[in-house]
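Student: what follows is a predicted protein model with its sequence.
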Amino acid sequence: MKKRKYLGRYNSDIGKSVSAKIVRADDIGIAGYASRIEVHDVHRPYMVGEAGAEVCIANDGYSELAFLPDGENWQLTAIYDERGDIVEWYFDITSKNDVDEDGHPYCDDLYLDAVLMPDGRILLFDEDELVDALNSGSVSQEGHIEH
């Protein structure tokens, strides 16, 4: 399912106190927006994964660095723990990266997400949503997105 995600915004169900900064990057080979979110206080640690192999992706002192490139179909978010160690690199596959009429950068998140773990494992999420989108014709085998 497509979902609009704004750069520099944090899920209020998780974070009680956060700060964010968004900057524009324009350099040779790099164009887009970057954000840094610092999580000061959470309602509770946010764990993902299967029992016994859970990973904490949000807690007091965590931070996120995200990059939303112009003209591409992805967004990268790097999540860091309170010591500054990488927790994961999270790739959203997007149909559109743009800026709204108020100047806020966003992406339209698509069906499939990929996560690179520090140990080199690659995890895929929401594959079932991609299959549903293929079956409904929302996206083609060639990757064309139907609006």
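Tutor: Here it is on my side, so go on.
Student: alpha carbons only for contacts and neighbour counts from here, please
Tutor: OK.
Student: report how many residues lie close to residue 59.
Tutor: For residue 59, the number of neighbouring residues by other CA atoms under 10 Å comes to 21.
Student: not counting sequence-adjacent ones, nearest residue to it?
Tutor: Sequence neighbours aside, residue 45 is the residue nearest to residue 59 in space, at 4.7 Å (criterion: CA to CA, 6 or more residues apart in numbering).
Student: so what's the residue count around the one you found?
Tutor: Other residues lying near residue 45 total 14 when counted by other CA under 10 Å.
Student: what's the answer for residue 53, then?
Tutor: Residues within reach of residue 53, counting by other CA under 10 Å, total 8.
Student: thought residue 56 was touching residue 46?
Tutor: Yes: Residue 56 sits in contact with residue 46 when judged by CA atoms under 8 Å, with a separation of 5.7 Å.
Student: can you list the residue ranges for helices in the chain?
Tutor: Counting by DSSP state H, the chain forms helices over residues 127-136, given from the N-terminal end onward.
Student: since that was my last question, I'll sign off now.
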